[in-house]
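Participant: I need the structure of the sequence given here:
(one chain, ligands or ions: 1)
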Amino acid sequence: MKAVVIGGVAGGMSFAARARRLAEDAEIVVLERDPYVSYANCGLPYHLGDEIPDRDALILHTPQSLARSLALDVRTGHEALAIDPVERTILVRDRATGRQYHEAYDALVLSTGAAPVIPPVPGVGLPSVRVLRTVPDVDALRALVDRAARHALVVGAGFIGLEATEALRRRGLAVTLVELAAQVLPSLDPEMARSIELELLGAGVEVRLATSLASLREAGDGTVAAELSDGSQVLADLVLLAAGVRPETSLAAAAGLALNARGALLVDQHLRTSVPSIYGVGDAIEVVDAVCGAPVSVPLAGPASRQGRAAADHLFGRGGQRSPVLGTAIVRVFGTVAATTGRSEKALRSAGVAHHAVHLHPNNHAGYFPGARPLHLKLLFAPDGRVLGAQATGGEGTDKRIDVIATAIRARMTVGDLADLELAYAPPFGSAKDPVNLAGFIASNLLAEDLSVWRGGELADMDPGAVLLDVRSAAEFSSGHLPGALNIPHTELRGRLGEIARDCPVLVYCASGFRSYLALRVMRQSGWTQVRSLSGGLSTLQLELPGLALELGEPAATLAAALR
Ligand code: FAD
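Facilitator: Sure, this is the predicted structure:
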């Protein structure tokens, strides 16, 4: 068996290494057009920011080390130019010499990755306008920074754009971040992404949302003048284009392999393309979304690596199935972490999937243990309780909550199962009721109709007869409350129920959604039927409605009492 791999990074090298472990006698050739194989592309932003100062730390292997340890024939600087699926040959060009040759194969693996989306605007070819995908890319960016660059423009506030923004700030540059969507991290729901936007603003980044790049031009001394869609101009010493990626499948298209409308390679259960002797893995392929079953593209390292392994398993008779993909992802943005798994609420909405959402803000570990910090968690689930997705922002421990929920989604668990999960606990790490358990409790309460929630969007067309009830303390109320709200602290509620009309909707709120839930339970059991609690409290509301103006001053009830 001779297996040839095109693309020697995540998916391709994962295939090659697994193939060797399964078939000692196979001939395995890896063709990689760039100078490096098996390098840590996920580490590139941290090298840009000098957190990983040693460039060599990113280069995990060389063709020589791979030949020694795995007997692989790895050819860097060798670009596949064309595939002949009938003859089972590849036309290859050695970039160093220009020599072209044909390489035969029995099985071919395409792990050609993704290409950055380059906005179709004038000036993208200027020398100070770069992308970040490869080691040479990071070398070029570092060279621009080292040339006393002072101002960077980053186009795109997705994962790579945000990592690069932090890196450039760390290197002392002023950064303007431009994003076409009305929020950073467009894969998250807007209220969850808002805390990352605040983190960026706090770190001195100029964030320009709902704005796109219109043109770029040389403005002298290597400076680039960028014109934005709102007519404003930004002068930058370097421009980083991080506007997303598209599947790199030009070779596959020319060979006649089946692609979807976005150009992603179509593969079957065993990662075989429309030509069964050719496998496709990684960023180049279309995958199946684990939540909705829809075809999607998920350009992440974990799925690429596992697909490479699965393709090798299939080729060498070990089954090897492609798995549905959750899109579990995480990013650190200065002092805050944002993580997501499964479907966002906006994705569920646009797919027409019935769902509920709850928000909560528990501490990441026991509040009495020093350093506790709120974790902002959103859980999405189906009316039958199946977990559909989750997003979290916060500090330490954000990753583990999302990883636990990712595992729960794969296991098709329900919110009741989350409530019942037994998770590691000691005060420095969590709480006896972990945030994941709490999310399960709240969601289970909602499904059992022991809790009903309201969301910020309802304020705009609120029933004029509804009562807005603020159950925080009088001091919290006077420091800022929703206009027109009545304040009855939840500790006084049982004695003051007579102040609240029984036959109209009551929208209760507090800071995080906990005290309003307690109040709701008191009122429901005292005969109020139309009581709902604000999901995530004011903490979520202020992220959902950033322009929301709170009223200051004395609690209405206290004032009324004073006037009597
Ligand atoms: P790649 O790893 O991109 O490899 C494709 C290779 O194919 C390339 O080296 C390319 O040169 C080669 N190639 C293409 N065409 C040819 C040809 N004709 N001939 C020869 N060679 C060819 N994912 C995460 O999950 N977490 C992260 O933190 C993360 N951070 C990232 C940071 C950066 C800066 C980048 C760029 C990506 C990051 N990713 C991250 C995404 C992750 O790296 C990719 O999803 C993953 O590498 C995809 O693997 P792949 O094998 O499909 O493609």
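
Participant: where does the closest residue to the ligand within the stretch 451-564 of the chain land in three-state SS?
Facilitator: Of the residues in the stretch 451-564 of the chain, the one nearest the ligand is residue 543, at a distance of 24.5 Å by CB to the nearest ligand atom. Bear in mind the C-beta positions are built from the backbone N, C-alpha and C, glycine included. The three-state assignment at residue 543 reads helix, by DSSP: H, G, I helix; E, B strand; the rest coil.

Participant: would you tell me which helix is longest in this structure?
Facilitator: For the chain, the helix with the greatest residue count under DSSP state H is helix 301-315.

Participant: list the helices and strands it packs on?
Facilitator: The contact analysis (3 or more CB pairs under 8 Å, 6 or more residues apart in numbering; DSSP states H and E) places helix 301-315 against helix 10-22, strand 107-110, strand 278-280.

Participant: for whichever helix or strand comes after the first one, the distance to its chain's centre please.
Facilitator: Counting by DSSP states H and E, the element after helix 10-22 in chain order, helix or strand, is strand 27-32. The chain centre lies 32 Å from the centre of strand 27-32; the measure is CA atoms, centre = their mean, to the nearest Å.

Participant: after strand 27-32, which helix or strand is next? Please name it.
Facilitator: Where DSSP H and E defines the elements, the next helix or strand beyond strand 27-32 is helix 44-48.

Participant: which neighbouring elements make contact with that next one?
Facilitator: On a contact count with 3+ CB pairs under 8 Å, 6+ apart, helix 44-48 meets helix 135-146, helix 159-170.

Participant: and those: which comes nearest the ligand?
Facilitator: Using CB to the nearest ligand atom, the helices and strands packed on helix 44-48 put helix 159-170 closest to the ligand, at 4.9 Å.

Participant: between the closest one and helix 135-146, how many degrees?
Facilitator: Angle, helix 159-170 to helix 135-146, by axes from the mean of the first three to the mean of the last three CA atoms, to 10 degrees: 30 degrees.

Participant: identify all contacting residues around helix 159-170.
Facilitator: Defining contact as CB atoms under 8 Å, 6 or more residues apart in numbering, one finds that helix 159-170 is touched by 45-46, 48-51, 132, 145, 152, 154-155, 157, 175, 177, 179, 184-185, 196, 200, 203-205, 240, 242-243, 329, 331-334.

Participant: show me which of those are buried.
Facilitator: The neighbour count (16 or more other CB atoms under 10 Å) marks 45-46, 48-49, 132, 145, 152, 154-155, 157, 175, 177, 179, 184-185, 196, 200, 203, 205, 240, 242-243, 329, 331-334 as buried among the contacts of helix 159-170.

Participant: now, which of the contacts of helix 159-170 lie close to the ligand?
Facilitator: The subset of the contacts of helix 159-170 within reach of the ligand, by CB under 6 Å from any ligand atom, is 45, 132.

Participant: residues contacting the residue nearest to residue 463 when sequence neighbours are not counted?
Facilitator: Spatially, and ignoring its direct neighbours in sequence, residue 463 is nearest to residue 505 (5.4 Å; CB to CB, 6 or more residues apart in numbering). By CB under 8 Å, 6+ apart, residue 505 lies in contact with 463, 465, 466, 467, 530, 531, 532.

Participant: any idea of the angle the helix or strand containing residue 330 forms with helix 159-170?
Facilitator: Secondary structure from DSSP H and E places residue 330 in strand 329-333. Per the same axes, to 10 degrees, the angle that strand 329-333 makes with helix 159-170 is 20 degrees.

Participant: and strand 329-333, what does it pack onto?
Facilitator: Applying 3+ CB pairs under 8 Å, 6+ apart, one finds that strand 329-333 contacts helix 159-170, helix 190-202, strand 336-342, helix 398-410.

Participant: out of the contacts of residue 505, who's the most crowded?
Facilitator: residue 531 (23 neighbours; other CB atoms under 10 Å).

Participant: one step back: out of the helices and strands packed on helix 44-48, deepest packed?
Facilitator: Among the helices and strands packed on helix 44-48, the stretch with the highest mean neighbour count (mean count of other CB atoms under 10 Å) is helix 159-170, at a mean of 24.

Participant: let me know the average pLDDT across it.
Facilitator: Mean pLDDT, computed over helix 159-170, is 98.

Participant: ok, then the element right after that helix?
Facilitator: Counting by DSSP H and E, what follows helix 159-170 is strand 174-178.

Participant: returning to that earlier point: could you dump the helices and strands packed on strand 329-333 into JSON lines with distance to residue 492 added?
Facilitator: Conversion of those to JSON lines gives the following (distance: least, CB to CB, whole Å):
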{"stretch": "helix 159-170", "distance to residue 492": "44"}
{"stretch": "helix 190-202", "distance to residue 492": "30"}
{"stretch": "strand 336-342", "distance to residue 492": "36"}
{"stretch": "helix 398-410", "distance to residue 492": "34"}
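
Participant: can you tell me which of those is nearest to residue 496?
Facilitator: helix 190-202 (31.6 Å; CB to CB).

Participant: what's that closest one packed up against?
Facilitator: On a contact count with 3+ CB pairs under 8 Å, 6+ apart, helix 190-202 meets helix 159-170, strand 206-208, strand 329-333, strand 336-342, strand 376-381, strand 387-394, helix 537-544.

Participant: distance of the one residue sitting closest to the centre of the chain from residue 337?
Facilitator: Closest to where the C-alpha atoms of the chain average out (CA atoms, centre = their mean) is residue 329, at 4.6 Å. Applying CB to CB, to the nearest Å, the value for residue 329 to residue 337 is 11 Å.

Participant: quick one on the thing from earlier: could the helices and strands packed on helix 44-48 go into TSV alongside distance to residue 373?
Facilitator: Output for these, formatted as TSV (distance: least, CB to CB, whole Å):
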stretch	distance to residue 373
helix 135-146	31
helix 159-170	19
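
Participant: residue 349 is nearest to which of these?
Facilitator: Between the helices and strands packed on helix 44-48, helix 159-170 lies closest to residue 349; by CB to CB that is 22.3 Å.

Participant: the closest one and the ligand, are they touching?
Facilitator: Yes: Helix 159-170 is in contact with the ligand by CB under 6 Å from any ligand atom, via residue 160.

Participant: could you shift the numbering so residue one becomes 18, and keep it that way?
Facilitator: Sounds good: first residue 18 from here, last item helix 176-187.

Participant: export that helix as PDB, just CAs?
Facilitator: Extracted in PDB, the C-alpha atoms of helix 176-187 (Å, rounded to 0.1, in the frame of the first residue of the first chain):
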ATOM      1  CA  PHE A 176     -10.800  33.800  17.000                       C
ATOM      2  CA  ILE A 177      -7.600  34.500  15.100                       C
ATOM      3  CA  GLY A 178      -8.300  38.300  14.800                       C
ATOM      4  CA  LEU A 179      -8.700  38.500  18.600                       C
ATOM      5  CA  GLU A 180      -5.600  36.400  19.400                       C
ATOM      6  CA  ALA A 181      -3.600  38.600  17.000                       C
ATOM      7  CA  THR A 182      -5.100  41.800  18.500                       C
ATOM      8  CA  GLU A 183      -3.900  40.700  22.000                       C
ATOM      9  CA  ALA A 184      -0.500  39.800  20.600                       C
ATOM     10  CA  LEU A 185      -0.100  43.100  18.900                       C
ATOM     11  CA  ARG A 186      -1.200  45.000  22.100                       C
ATOM     12  CA  ARG A 187       1.400  43.000  24.100                       C
END
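
Participant: cool, thanks, talk later.
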